[in-house]
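# Build me a model from this:
(chains A and B)
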Amino acid sequence: GAGVSQSPRYKVAKRGQDVALRCDPISGHVSLFWYQQALGQGPEFLTYFQNEAQLDKSGLPSDRFFAERPEGSVSTLKIQRTQQEDSAVYLCASSARAYGTGKYYGYTFGSGTRLTVV
Amino acid sequence: DAKTTQPTSMDCAEGRAANLPCNHSTISGNEYVYWYRQIHSQGPQYIIHGLKNNETNEMASLIITEDRKSSTLILPHATLRDTAVYYCIVRASGTASKLTFGTGTRLQVTL
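Now for the predicted structure:
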């Protein structure tokens, strides 16, 4: 597609519920990133995929957070047993080139999924 | 990656130039300066980046001081649609490529 698509746009979950957030990157983009953005803060890195390989998951805040990209295209961020502190906007970004290749290709971000845990 | 310091907020009159400063006094020789902006309810949008030379594109100009310890993003003729949070990010090439965002500068363009 023309841009990065994220769904759902909004999600309300009851505390303790599991949620799954979807990211459709730009077709052919190798790199895919997930970020978490709390209200009034800048986005914070969660995890990175190069094709189907998850090369960096250092930003995942707990083992309740899990991400996958099984075929190297669509990615899903899953949060188990949601807590109120998980309320945030979850942003996905994709880029044409691989992480750490030394040359910068702009990242294209989606509009995010706003998760509210009640 | 080096830490950046930006003012929390700025105002600019429509049609005037908006000059957004960024300090990055601990920047390393292989670190680039990147600017992104985030309009309300949207994801961040790439604006421009540079290493040591001044850069210009259709959106903005980037002026980097000779010692590279600070830079300025210039929007030459700000419009209401430029109201957004602007993030200055320094990032090394060839190593970790994730973007580390701070809290940015909230630019309000007014009539």
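# Quickly list what B:Thr105 is bridged to.
Beta-bridge pairing of B:Thr105, defined through DSSP bridges, involves B:Tyr86.
# can you check A:Val89 too?
A:Val89 has these beta-bridge partners by DSSP bridges: A:Gln37, A:Arg114.
# and the gap between it and B:Asn19?
29 Å (Cβ to Cβ, to the nearest Å). The C-beta positions use only the backbone N, C-alpha and C, and glycine is treated the same way.
# mind listing what the residue nearest to A:Lys57 when sequence neighbours are not counted touches?
Leaving aside its sequence neighbours, A:Lys57 sits nearest to A:Thr47 (Cβ to Cβ, 6 or more residues apart in numbering or on different chains; 4.4 Å). By Cβ atoms under 8 Å, 6 or more residues apart in numbering or on different chains, A:Thr47 lies in contact with A:33-34, A:54, A:56-60, A:67, A:77.
# doesn't A:Thr47 fall inside a helix?
No. Using DSSP: H, G, I helix; E, B strand; the rest coil, the secondary structure at A:Thr47 is strand, not a helix.
# ok, B:Tyr36 touching B:Gln42?
No. With contact defined as Cβ atoms under 8 Å, B:Tyr36 does not reach B:Gln42; the gap is 11.2 Å.
# Neighbour count: the two, which is higher?
Counted by other Cβ atoms under 10 Å in any protein chain shown, B:Tyr36 and B:Gln42 do not tie: B:Tyr36 has more neighbours, with 25 against 14.
# Where does the more buried one sit, in terms of helix or strand?
strand B:31-38 (DSSP states H and E).
# Let me see the contact set for the most centrally placed residue in chain A.
Geometric centre of chain A, nearest residue: A:Trp34, 2.8 Å, by Cα atoms, centre = their mean. Counting by Cβ under 8 Å, 6+ apart, A:Trp34 touches A:23, A:45-48, A:67, A:75, A:77, A:90-92.
# could you dump these to CSV with pLDDT and distance to B:Asn53?
Listed next are these as CSV, based on pLDDT from 0 to 100; distance: Cβ to Cβ, whole Å:
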residue, pLDDT, distance to B:Asn53
A:Cys23, 98, 35
A:Phe45, 94, 28
A:Leu46, 97, 33
A:Thr47, 96, 34
A:Tyr48, 93, 29
A:Ala67, 98, 37
A:Ser75, 98, 36
A:Leu77, 98, 38
A:Tyr90, 98, 36
A:Leu91, 98, 30
A:Cys92, 97, 32
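# Between these, which sits nearest B:Phe101?
A:Phe45 (8.5 Å; Cβ to Cβ).
# Just list whatever residues bridge to that closest one.
A:Tyr35.
# That one contacts B:Thr100, correct?
Yes. Contact criterion Cβ under 8 Å: A:Phe45 and B:Thr100 qualify, at 6.9 Å.
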